[in-house]
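S.K.: Quick one, what's the 3D model for this:
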Amino acid sequence: MKKISVLGAGAWGTALANIAADNGKDVTLWVREKELVDEIQNKKHNTLFLPDILLNENIKPTNDQAQAILNAEAVLMVIPAQYLRSACKNLHDLWPKGLPAVICAKGIEQNTGALLSEILEEELPQAQIAVLSGPTFAEEAAQGMPTALTLACKNEKLGKELVETLGTKTFRPYYSSDIIGVQIGGAVKNVMAIAAGIVAGKKLGDNARAALITRGLAEISRLAVALGGQAHTLMGLSGLGDLVLTANSTQSRNFSVGIELGKGRKLEDILADKKTVAEGVFTAQAVLDRAAKVKVEMPICEGLSKIMHENVSVDQVIQSLFARPFKKEA
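M.R.: Model (predicted):
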């Protein structure tokens, strides 16, 4: 594939556009913010979301979504989870039958509990769906630092073609057929990263953070399997890999939110200071709603949701988690 479109010019969308352009692709980048089009076109920078990266000249920015997908051979959907449905509705009549849509955002829709692939199935049924997810900080990937992640697609031939299209010497996708497991890993790790940040902000120690990550991964795996995913997917890049990255670095927006919660700050005050989305804040309750429908217990997610949305104190949630009965590790 030679012509790639990227919808969304946040840090990750801009990074993906730059990686594809550096790999010799003709890249069209849809930019929501009008002031960024001229800047990307003329100055080769996105100072709003990825300020330290000089962008490839092969990136063509536009505010026109129809123009963005015109003649594209694949479209990378890097629109935040809570805005994806409205974007798909706008694109429905423009989307050519069979054009691949590669979901590159992470999350679960708040009001419906829908996975992002389920949104596309409803709103863009003519698209071929793939998912790109894994342990990625946008700036590192854009700088050409070694990055590995998972590309999931039920159509193996298309999936492998997308791997060859997007892969470079330093950007390495691994093919999977498990689009459910890959999405659950990417979405729920954001919730767990906030919880890990609380452990760090509360200064509960490395033992506690390791336990949180491990038991958090168990919750993620249970939910993925209940929804039709495969447990071994969560042992890979889009599960364990992504969780380890985002639960241990202040580069992670979700981990940083958790640190501030652990220090005792209120969620609304933390979010007021940020210009980028910490998707785990929005995903936590949606995860619990979806888990309840398939009777999966997720005590860490439940405790975090209480902290963020029910004004339950961090200390109360910690006490309740440690008051749970001893059980066999499975």
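S.K.: make it CA atoms for all contacts and neighbour counts henceforth
M.R.: Will do.
S.K.: Run through the stretch 201-330 of the chain and note the low-pLDDT ranges.
M.R.: Applying pLDDT under 70 to the stretch 201-330 of the chain picks out residues 275.
S.K.: ok, how many other residues are close to the residue lying closest to residue 144 once chain neighbours are set aside?
M.R.: Excluding the flanking residues, the one nearest residue 144 by C-alpha to C-alpha, 6 or more residues apart in numbering is residue 170, at 6.0 Å. Around residue 170 there are 14 other residues, counting by other C-alpha atoms under 10 Å.
S.K.: And residue 170, what's its pLDDT?
M.R.: Residue 170 is assigned a pLDDT of 97 by the prediction.
S.K.: Tell me how far it lies from residue 142.
M.R.: 10 Å (C-alpha to C-alpha, to the nearest Å).
S.K.: At the geometric centre of this structure, which residue do we find?
M.R.: residue 106 (2.5 Å; C-alpha atoms, centre = their mean).
S.K.: what are the ranges of the strands in the stretch 151-300 of the chain?
M.R.: 171-176 (DSSP state E, counting those that start in this stretch).
S.K.: Please, where are all the helices along it?
M.R.: Using DSSP state H, counting those that start in this stretch, the helices found in the stretch 151-300 of the chain span residues 156-166, 179-201, 206-226, 242-246, 253-262, 267-272, 279-293, 299-309.
S.K.: highest average neighbour count across those helices?
M.R.: Compared across the helices of the stretch 151-300 of the chain, helix 179-201 shows the largest average neighbour count, a mean of 28 (mean count of other C-alpha atoms under 10 Å).
S.K.: name the helices or strands packed onto it?
M.R.: Judged by 3 or more C-alpha pairs under 8 Å, 6 or more residues apart in numbering; DSSP states H and E, the packing partners of helix 179-201 are strand 128-133, strand 147-153, helix 206-226, helix 242-246, helix 253-262, helix 279-293, helix 299-309.
S.K.: ok, residue 263 - contacts?
M.R.: By C-alpha atoms under 8 Å, 6 or more residues apart in numbering, residue 263 lies in contact with 198, 201-202.
S.K.: Would you mind listing the residues in contact with the closest residue to residue 303 other than its chain neighbours?
M.R.: Spatial nearest neighbour of residue 303, excluding adjacent residues (C-alpha to C-alpha, 6+ apart): residue 317 at 5.6 Å. Applying C-alpha under 8 Å, 6+ apart, one finds that residue 317 lies in contact with 303-304, 306-307.
S.K.: of all the residues you listed, which comes closest to residue 76?
M.R.: Using C-alpha to C-alpha, residue 304 comes nearest to residue 76 of the contacts of residue 317, at 31.0 Å.
S.K.: quick one: the closest one and residue 285 touch, right?
M.R.: No. If you go by C-alpha atoms under 8 Å, residue 304 and residue 285 don't touch, sitting 9.2 Å apart.
S.K.: Okay, the residue nearest to the centre of the chain and residue 279: tell me how far apart.
M.R.: Taking C-alpha to C-alpha, one finds residue 106 at 8 Å from residue 279.
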